[in-house]
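Trainee: sequence? don't have it. structure:
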């Protein structure tokens, strides 16, 4: 498994370059940055060298398509998608991710139909480039009533959605915070196969009943109550070899410097990863 | 367009053979019978000859798969599906149909996902045999609240569902009763292309506000208030060349003899079809 | 059916604007121009108005993806494809076309596999925009030995290819010259359904054995021996309502002025179209 | 990895029951038997118990569809396929396999198109039951000229075929004899991901130039020159956790008793498996 970072939980950064260099300095192997933007800033060769010099890969790129709103917005995004896919592949990144909120103001049946049709087209397009699509289910319970009607939030329903999309390059983005707040256990991971998991987020949670956990109130790995060692052990047992990226979403700006937040992240990763080997 | 019959609205029949012969006698060109059962009773050659002698085709076969309930029931139906598909094709029938109820006790999003996955597999299987799948949306408003949550019942949502299923052999079963009770007009048909319509049902409705129409309180074509001439003209205009089959669902057994009901059906068809040519 | 033009067979034109205006002047309803280029030159509104004022539609756009060569070229084309698809849809054009040569220097099995995979992805992408893909089989026999191994050139094999691509928005581009030189008859068209035909080209052929016909030695409609009246009647019989576009490929530049070539084209169309009604 | 057997290489057996019991006695964990036949003979419960008591699973079932010949034969096989799929799943077998010969008397392009269409439908059907399809490429060079035209036999072309089939439940059946005789190395395996491999066959080869190896002249694992330790190490490295089944195809009936052949097979497996751990 590759130790990775997202921007969430990291103090203010001046540039992607700084992010990549600090991530490398503190023992991380992947970051989430916009592949196209990185190439635009450094040129293709420059971007490739920046990553290579720092032993860094781009873990994942956010699916750059607005698939939740109007058809026009969706179609407009498809050109962005091919451009971003070309950029990502040229930097050896082969994972795009998106998430699904657990409630909706739309008719749930109609929104499910739209979700399948649109995510399938996105998956087909990036599949042409050899890129996978990770779909994240969202655990915190407050999201289930944030909009008028319940939508998809269970692991099994997300797997059914992936099945209905019907593309071999689509799988889960499994986030430890959503896993924990959904009441899932290591046994649920053990029943998956490695290729059903496209990407992993790691975070920790406060010692609250899971019904009370807020999505934007996460802790650094190892600082909370989630059984992250069990989480990682199960991922290892089923043969997952991809990225495990920290994504500490919090209410306000991180008060630490980027460097301090990196140190804290590194400590967290060491704490949980060092205990995996059984 | 072929003038067709279903059993609904026809008085008591002693056999499929009688159905086929009476349908022929009264000017119809297609009936809905179980292809496999017909072959089981008459042998393949006998069934083929019975149809041919009477200038009759099998308009459609009910999709013989329980796709709404448990996975086990669904999978058990797939063998029936291949057997029925082989039987249907051997009698030159290339249309299977199913319907979607406008409400559900299941989570609508989860049920939509299941519906797409299962109907797709059915469509793929019968598509292998050159058979199309017609999906019927159901108009009467009482169905929208028959179960806990609204599901799919609009034309546009049914088209979106068909799109999400993603097989070229899937289209609409358009029923005049559902068209009328959904508040649709000939303009809605004019915007379709002929190949989006796999099969057509024709029925008439009482002079009630469409919100009050009951699904099982239908009239024979030409005996009610539906603009069936406009309905057929639009189908003709867009180039639909398939079956138009009567399906007069009523609360009780038809009080007429089969022969009398056929006469009445024939009259109804003459009334509406004779006025199509503009 | 809409009477249409391609550039092939038309004398020198100074611009797309001139092409559109002359096509309109001489009774045509569609032209093949590059949608993106037209918008780039006239702006979206300008392009829309230019077409509308002249009662003209864009019949088809060439599939702007190099699907026959390297994977890199193919992937590079996908961005062009989304851009062209957006442009086409904004000008109400919903047809892209490509052709398949009857022989190849590649391993035919491997090239067939690649063709299916790549054309499927193209079809999926443009299908997202509501655009169809027409695939043209090529009749002249000299092409069958132009490269080392025979590839796809029969109607039935092209239909099988379309079936294997497996997208509902893919069909035939039927060209009268290829139809004739393949030895096909009106009976072959009668067995198709209208929705299997995405686009039609019309051309005439010299009075030679079909084995000797050259691909770039075509005549204007009505000036040769092809049974174009039968061709169009069959298309009408099965309900084809799309474009029939002239594509007179000849060895050298057309010696006529554009206007003269349009007059000649108009005469040809009148000759064959006026005899369709049975 | 599970140590498995096929019938090839095993002396005369009186029944599937004997096969299962002997396989268990000599340390194997899977056999290839016909799931439907086993249930027909022992009843569902009996078959389940027979397997469970002996700690045995059914490794794979031959795809029971004749996809290479006429459309009628193909369609007739689909009912057999659903029946066999139900039987297999009821005995927890989730792998069906088929192979592709390296040459054909058909037009290679047309045969490739048919292969994709038919194997896709088979894959879709068994995918409904949660079953995977393994496709085996065939290495021995004499097969490449056994029929008139070359077809698919390279690893990369087989992967392209799988890609063109486009179903997530389709992957490779990797056979060490075909791997060796194709000139492939462990580096080729290292570039695969575990989920691209559905099933593995293990065999050994004589010390001949690979061009001279005959398909039906195989040796027991460990008795020949194939780098089976490297083969298994690479499979382990990429995370393959499925069956590795012996399939020693030889010209004549095995002269040994079943028990002696099992002892020899067990020895072969011990020889190669004991050296995997690096």
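Mentor: Arrived safely. Because the structure is predicted, anything quoted here is derived from the model rather than measured.
Trainee: interface residues of the stretch 101-250 of chain A facing chain B?
Mentor: By C-beta under 8 Å from any C-beta of the partner chain, the part of the stretch 101-250 of chain A that sits against chain B consists of A:107-114, A:116-117, A:120, A:149-152, A:157, A:160-161, A:163-164, A:166. Bear in mind the C-beta positions are built from the backbone N, C-alpha and C, glycine included.
Trainee: just these that are near chain C?
Mentor: Residues of those in contact with chain C (C-beta under 8 Å from any C-beta): none.
Trainee: Return the subset of those residues lying in strands.
Mentor: Assigned to strands by DSSP state E, the following of these qualify: A:149-150.
Trainee: Just to be sure, residue A:37 is in a helix?
Mentor: Yes. Under the criterion used here (DSSP: H, G, I helix; E, B strand; the rest coil), residue A:37 sits inside a helix.
Trainee: Going along the chain, name the helices of chain A.
Mentor: Counting by DSSP state H, chain A has these helices, from start to end: A:16-25, A:35-53, A:71-90, A:108-128, A:155-165, A:176-181, A:186-190, A:228-237, A:258-273.
Trainee: Please report how far residue A:44 lies from residue A:23.
Mentor: 21 Å (C-beta to C-beta, to the nearest Å).
Trainee: okay, these two: which has more neighbours?
Mentor: Higher neighbour count among residue A:44 and residue A:23: residue A:23, with 26 against 13, using other C-beta atoms under 10 Å in any protein chain shown.
Trainee: which residues touch the more buried one?
Mentor: Residues near residue A:23 by C-beta atoms under 8 Å, 6 or more residues apart in numbering or on different chains: A:5, A:30-31, A:54, A:56, A:262.
Trainee: Reformat those residues as JSON lines; add distance to residue D:143 and pLDDT.
Mentor: Below are the contacts of residue A:23 laid out as JSON lines (distance: C-beta to C-beta, whole Å; pLDDT from 0 to 100):
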{"residue": "A:5", "distance to residue D:143": "51", "pLDDT": "97"}
{"residue": "A:30", "distance to residue D:143": "44", "pLDDT": "98"}
{"residue": "A:31", "distance to residue D:143": "49", "pLDDT": "97"}
{"residue": "A:54", "distance to residue D:143": "49", "pLDDT": "98"}
{"residue": "A:56", "distance to residue D:143": "47", "pLDDT": "98"}
{"residue": "A:262", "distance to residue D:143": "58", "pLDDT": "96"}
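Trainee: gap between residue A:220 and chain C?
Mentor: The gap separating residue A:220 from chain C is 39 Å, by C-beta to the nearest C-beta, to the nearest Å.
Trainee: nearest residue to residue A:189 other than its sequence neighbours?
Mentor: Once flanking residues are discounted, residue A:189 sits nearest to residue A:234: 3.7 Å by C-beta to C-beta, 6 or more residues apart in numbering or on different chains.
Trainee: repeat for residue A:231
Mentor: Closest to residue A:231 by C-beta to C-beta, 6+ apart is residue A:176, at 5.2 Å.
Trainee: and what of residue A:201?
Mentor: Closest to residue A:201 by C-beta to C-beta, 6+ apart is residue A:175, at 3.7 Å.
Trainee: Can you verify my assumption that that neighbour contacts residue A:200?
Mentor: Yes. Assessed by C-beta atoms under 8 Å, residue A:175 is found in contact with residue A:200 at 7.4 Å.
Trainee: follow-up on the earlier one: the residue nearest to residue A:231: what's it in contact with?
Mentor: Taking C-beta under 8 Å, 6+ apart, we find residue A:176 in contact with A:200-204, A:221, A:226, A:228, A:231.
Trainee: which two from those residues end up farthest apart in space?
Mentor: Put simply, by C-beta to C-beta the two of the contacts of residue A:176 set farthest apart are A:200 and A:204, 14.0 Å from each other.
Trainee: To residue D:256, which of the helices of chain A lies closest?
Mentor: Ranking the helices of chain A by proximity to residue D:256 (C-beta to C-beta) places helix A:228-237 first, at 39.6 Å.
Trainee: And the average pLDDT for the closest one is what?
Mentor: Average pLDDT, helix A:228-237: 96.
Trainee: who touches that helix?
Mentor: Contact partners of helix A:228-237, identified using C-beta under 8 Å, 6+ apart, comprise A:1, A:174, A:176, A:179, A:186, A:189-190, A:197, A:200, A:202, A:204, A:221-222, A:244, A:272-273, A:275-276, A:278.
Trainee: Apply 10 Å and report the result again.
Mentor: Residues from elsewhere that reach helix A:228-237 (C-beta atoms under 10 Å, 6 or more residues apart in numbering or on different chains): A:1, A:174, A:176, A:179-180, A:184-192, A:194, A:197, A:200, A:202-205, A:221-222, A:227, A:240-242, A:244, A:268-269, A:271-278.
Trainee: Sounds good, over and out.
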